[in-house]
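Visitor: quick one, what's the 3D model for this:
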Amino acid sequence: MIRFLLFAVVAGALVLLALLFSQNPDWTARFEAFGYRLTLHFGLLVFAALLVLWAFGWIYFLFRRTLAMPAEVARNARISRQNRGYKALTQGLVALAAGDPDEADKQARRATKLLKDTPATLLLTAQSAQLNGDEEAATRYFEAMTEEPETAFLGLRGLAMQAIAQGDRRRLDGLLDRARKIRPNAPWILETEFDLSLQSGQLDGAQRAVKRLASRHLLTAGEARTRLALAETDSAFRAAEAGNWRKTAEHCRKALDEDANFLPARALSARAQIELRNARKAKELAGQAWALRPTAGIATTFLLAAKPVDVSAKRAAITDLIQHNEGALFSRFLWAEAAIEAGDREAAAAAIDALPATGAPVGVSALVLRLDALRSRGVDPTPSALTGHSLPVEPQVCLACGTEHDRWRAVCENCGTSGSITLPTRPPEDPPRMLPPT
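Guide: Residues are numbered from 1 along each chain as shown. All right, here's what the predicted structure looks like:
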């Protein structure tokens, strides 16, 4: 709009000027030089002056462009170099994500050549060296990053991840101290503090880390409660290993206050109540745990709390237990075994027929053999103890690396991941592969 108004004003002025000159043809200008006399109409003189000014403007513009051309060429070359460097950086990051060490190294060298030592290129070079198994080179790059204020935090994080992988706790503590001075509330620092506190059994440190993560909205309220339950349960298992069952029960209670459906805490709490000679509470907790996920350990705990004096009492106790989760496979298997031990052939046969035989014939075959022996001999040849059964003990599996553990742990001993150890994600859909008890 402003340009249009300016154009209209200039055009109007020129039209008025032309009109003025056309109505005054006697306006002339005379020039004398070197014996020559020149007479021009004044309007033509003005037009010639404007033409000269226009030509001078173009000559000046071309002169400026010529002088600025080297700088502009250099700037365009620099932009092109940066674009090619960023493209190499992007391709290198993609290669890292895809696990292609050769391509990542190639693009890292290209990006470094084009962009020099920027934070992104240093990080890409270090991580590509790690992917190629050259930890010494990665360490050099990370240490170089710590020498510059802009990249110091990234370098410290890379060195900290190396220390975690190498299990160098002393070095890791020093690196975390340096990183805290730069960004004390960085999420990875708080996450690392939580994992280290769990590994060393420092409940207070784990709780502080969780609360700081939650206060900065890095964890939802549900996630924070689950982690607090994880820390309390880990302390409960440590207390149980030390034989302090009262402390075990207290930690389990706090864990269940945070997450009522945390199976390891509820199952251990039931066992702690047995050790504290509170059989009624132990049966209640074991029944609640059975409703969450039937396991061999929970069945044993319930029978220990029930204290059956004979086979009939054991069968009654098993009936009470499976009522908490009647449709579970382990419940049906326990019912079949209890019927065999009680000598109830018809109930045992009906229970065995209801079990799916495909996929795990050993478990069903064991019950069939015991039932056949009961029919022929009138007695179960391989009865379990009054507080025992033939359910298999399922391993605790790390969902991150697949390592099996003999008991639940807060932190995987193989990969160091916290909160990843659990029973198989789903109860077995087929009968367990178990042999008859000896």
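Visitor: residues contacting E404?
Guide: 395-398 (Cβ atoms under 8 Å, 6 or more residues apart in numbering). For glycine as for every other residue, the C-beta is placed from the backbone atoms N, C-alpha and C.
Visitor: quick one: name whatever helix or strand follows the strand or helix carrying T66.
Guide: Using DSSP states H and E, the element containing T66 is helix 42-98. The helix or strand immediately downstream of helix 42-98 is helix 101-115, counting by DSSP H and E.
Visitor: okay, that next one in PDB with CA atoms only?
Guide: What follows is helix 101-115, C-alpha atoms only, in PDB (Å, rounded to 0.1, in the frame of the first residue of the first chain):
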ATOM      1  CA  PRO A 101      28.100 -49.100  12.700                       C
ATOM      2  CA  ASP A 102      29.900 -48.700   9.400                       C
ATOM      3  CA  GLU A 103      27.400 -46.200   8.000                       C
ATOM      4  CA  ALA A 104      27.300 -44.300  11.300                       C
ATOM      5  CA  ASP A 105      31.100 -44.000  11.400                       C
ATOM      6  CA  LYS A 106      31.200 -42.900   7.700                       C
ATOM      7  CA  GLN A 107      28.600 -40.200   8.300                       C
ATOM      8  CA  ALA A 108      30.200 -39.100  11.500                       C
ATOM      9  CA  ARG A 109      33.500 -38.500   9.800                       C
ATOM     10  CA  ARG A 110      31.800 -36.600   7.000                       C
ATOM     11  CA  ALA A 111      29.700 -34.500   9.400                       C
ATOM     12  CA  THR A 112      32.900 -33.700  11.400                       C
ATOM     13  CA  LYS A 113      34.700 -32.600   8.200                       C
ATOM     14  CA  LEU A 114      31.800 -30.300   7.200                       C
ATOM     15  CA  LEU A 115      30.700 -28.900  10.500                       C
END
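Visitor: now, which of the contacts of E404 lie within strands?
Guide: 396-398 (DSSP state E).
Visitor: including distance to A71 and neighbour count, could the contacts of E404 go into TSV?
Guide: What follows is these, written out as TSV (distance: Cβ to Cβ, whole Å; neighbours: other Cβ atoms under 10 Å):
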residue	distance to A71	neighbour count
P395	70	13
Q396	68	18
V397	65	18
C398	60	20
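Visitor: okay, those residues in CSV with pLDDT next?
Guide: As requested, these are exported to CSV (pLDDT from 0 to 100):
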residue, pLDDT
P395, 85
Q396, 86
V397, 87
C398, 87
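Visitor: among those, which one sits closest to G419?
Guide: In terms of Cβ to Cβ, no member of those lies closer to G419 than C398, at 10.1 Å.
Visitor: for the closest one, name its beta-bridge partners.
Guide: I421 (DSSP bridges).
Visitor: look at L154 and say how many residues are nearby.
Guide: 18 (other Cβ atoms under 10 Å).
Visitor: ok, back up a step: closest to M1 among the contacts of E404?
Guide: Distance ranking of the contacts of E404 against M1, using Cβ to Cβ, places C398 first at 69.3 Å.
Visitor: pretty sure that closest one contacts G416?
Guide: No: taking contacts as Cβ atoms under 8 Å, C398 lies outside contact range of G416: 9.9 Å.
Visitor: intersection of neighbour lists for the two?
Guide: Contact criterion Cβ under 8 Å, 6+ apart; residues shared by C398 and G416: none found.
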